[in-house]
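Peer 1: Here's my sequence, what's the structure:
(one chain, ligands or ions: 1)
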Amino acid sequence: MSYQKSLKIGLFGYGVVGSAVFEVLTHTPSLQAQIAKICIKDSTKPRNIASDYFTTDKMELLDNEGINVVVEMTDDAEAAIEIVRESLRRGKAVISANKKMVAENLAELVELQQKYGTPLLYESACCASIPVIRNLEEYYDNDLLHGVEGIINGSTNFILTKIFNEKLPYADALKLAQSLGFAESDPSLDVEGQDALNKLCLLLAHAYGIVVHPSKLLCHGIHRLNSIDSEVAAAQGSQIKLVARAMKQPNGEVAAFVLPQFVRPPHLLHNVRNEYNGVVLTSALADEQYFYGKGAGGFPTASAILADLSALRYNYRYEYKKLLLQAPSKLCDDINLQVYVSFQDWQMLPVDAFEEIQEYYSGKLFHYRKGIISLRKLLKSEWWKQPGVSLVLQEVGIAKEIK
Ligand code: HSE
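Peer 2: Here you go, the predicted structure:
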């Protein structure tokens, strides 16, 4: 695709993001990107644009030789991977916001891009408007990246902000996040941490060359938080945030997980509110760098899609430098985490759960313990997944200091 070539787009999905992309492209003629056809699941839904844009037959887009870019904005990872495979095979560049699809199939997607020489870009799949993937891929190519930590799911951050700052009940906050178009169609992906985990897998690939299936990493969402947790957080001047982390260890290996975490000033993530995302990168030369912006919603996501469309016009593609051109880092689980665990019933906590207990409390409704737990043991156990058990990482920065 040469720089001057105009882009003819086949759009899959016309939900919050798909319709925002349509609107933005209609008002950005300078991009020379035109939507030719839109594939949707349900043709009976009322839509705000001419009906001849729409089809329910994906082959109408895939067989159309005039379409040179597929913009995939569906919420169905299984249908999406079929569309993306076929598009790449047919030489159509792909832009996708589908983090689940990309994270679960990344090894294959890297191979397909190499095999067919067709690019797949997914800046919008991670932190919506924040250009973090391309920065990790291009800018952090030489500097030694010590760690990536971020609030990378807008809905859970929105919910936690409403709970902490506006004292809204959890269920109401979740409903609001859904009604504003921030949440996934299946919001359990947000609140159980899976969406952040999928995005963390994309960050790992571009930061460290690590391609890992999300199911292999530790992940705990905000759905198990107990009411005592916010009191404990307030007492120590913290808020609870859902944080994704990748931390390079002294031996060069990387520990990565998604956990609720106590965060207090002056940590940059403390001020990230509502649907905003924040990502802090720590590196040897640049030291600490901070990216901040809207992480969910139609227009912030469309902003990243526009950037990807524009990048396609000058033949940009991910080289996966750390994976294919350098020695990729290895994942490790051999670290200890300083955590807080609250629970309703003593039977929920195995006697050997903690390596070391530093503080404990026992109340009428809840008990909690603070101390040190092995990441490896957590990955092999199930007790912390039970309803009534809440697991929160202690202060930012402490985890990497204790080994
Ligand atoms: N449900 C996602 C979020 C949408 O809340 O972050 C953006 O990826």
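Peer 1: From now on I want contacts and neighbour counts done on CA atoms only, so please keep to that.
Peer 2: OK.
Peer 1: The ligand contacts on the stretch 301-403 of the chain?
Peer 2: For the stretch 301-403 of the chain, the contact set with the ligand under Cα under 6 Å from any ligand atom is empty.
Peer 1: Tell me who's in contact with the residue nearest the centre of the chain.
Peer 2: Nearest to the mean C-alpha position of the chain, counting by Cα atoms, centre = their mean, stands Lys199 at 2.6 Å. Taking Cα atoms under 8 Å, 6 or more residues apart in numbering as the criterion, Lys199 is in contact with Lys99, Lys100, Ala103, Ala125, Cys126, Cys127, Ile152.
Peer 1: Take those and keep only those in strands.
Peer 2: Secondary structure from DSSP state E places none of the contacts of Lys199 in strands.
Peer 1: Which ones among these lie within helices?
Peer 2: Of the positions in those, Lys99, Lys100, Ala103 sit in helices, assigned by DSSP state H.
Peer 1: Turn those into CSV, including pLDDT and neighbour count.
Peer 2: Formatted as CSV, the ones in helices among the contacts of Lys199 follow (pLDDT from 0 to 100; neighbours: other Cα atoms under 10 Å):
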residue, pLDDT, neighbour count
Lys99, 98, 25
Lys100, 98, 26
Ala103, 98, 25
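Peer 1: now, which of the contacts of Lys199 lie close to the ligand?
Peer 2: Contacts with the ligand are made by Ala125 out of the contacts of Lys199, judged by Cα under 6 Å from any ligand atom.
Peer 1: returning to that earlier point: show the subsequent helix or strand relative to the host helix or strand of the residue nearest to the centre of the chain.
Peer 2: Taking DSSP states H and E as the criterion, Lys199 maps to helix 194-208. Counting by DSSP H and E, the next helix or strand C-terminal to helix 194-208 is strand 218-219.
Peer 1: now that following strand: how far from the chain's centre is it?
Peer 2: Relative to its chain's centre, strand 218-219 lies at 13 Å (Cα atoms, centre = their mean, to the nearest Å).
Peer 1: which strands and helices sit next to the helix or strand that that strand is followed by?
Peer 2: Moving toward the C-terminus from strand 218-219, the next helix or strand (DSSP H and E) is helix 227-235. Applying 3 or more Cα pairs under 8 Å, 6 or more residues apart in numbering; DSSP states H and E, one finds that helix 227-235 makes contact with strand 239-248.
Peer 1: by how many degrees do the strand it packs on and helix 227-235 diverge?
Peer 2: Going by axes from the mean of the first three to the mean of the last three Cα atoms, to 10 degrees, strand 239-248 is angled at 80 degrees with respect to helix 227-235.
Peer 1: could you check whether stretch 288-295 is close to the ligand?
Peer 2: Yes. Using Cα under 6 Å from any ligand atom, we find that stretch 288-295 touches the ligand at Gly295.
Peer 1: Same question for stretch 196-215.
Peer 2: No. Stretch 196-215 lies out of reach of the ligand by Cα under 6 Å from any ligand atom, never closer than 7.3 Å.
Peer 1: So for that stretch, what gets flagged as buried?
Peer 2: Within stretch 196-215, the residues that qualify as buried are 196-212, 214, counting by 16 or more other Cα atoms under 10 Å.
Peer 1: pLDDT on it, on average?
Peer 2: Mean per-residue pLDDT for stretch 196-215: 98.
Peer 1: cool, and stretch 303-313?
Peer 2: 96.
Peer 1: switch to numbering from 375
Peer 2: Sure thing, new numbering starts at 375, so read that last one as stretch 677-687.
Peer 1: Identify the residues contacting it?
Peer 2: With Cα under 8 Å, 6+ apart as the contact definition, stretch 677-687 has outside contacts at 375-381, 395, 405, 407, 467, 469, 471, 495-498, 502-505.
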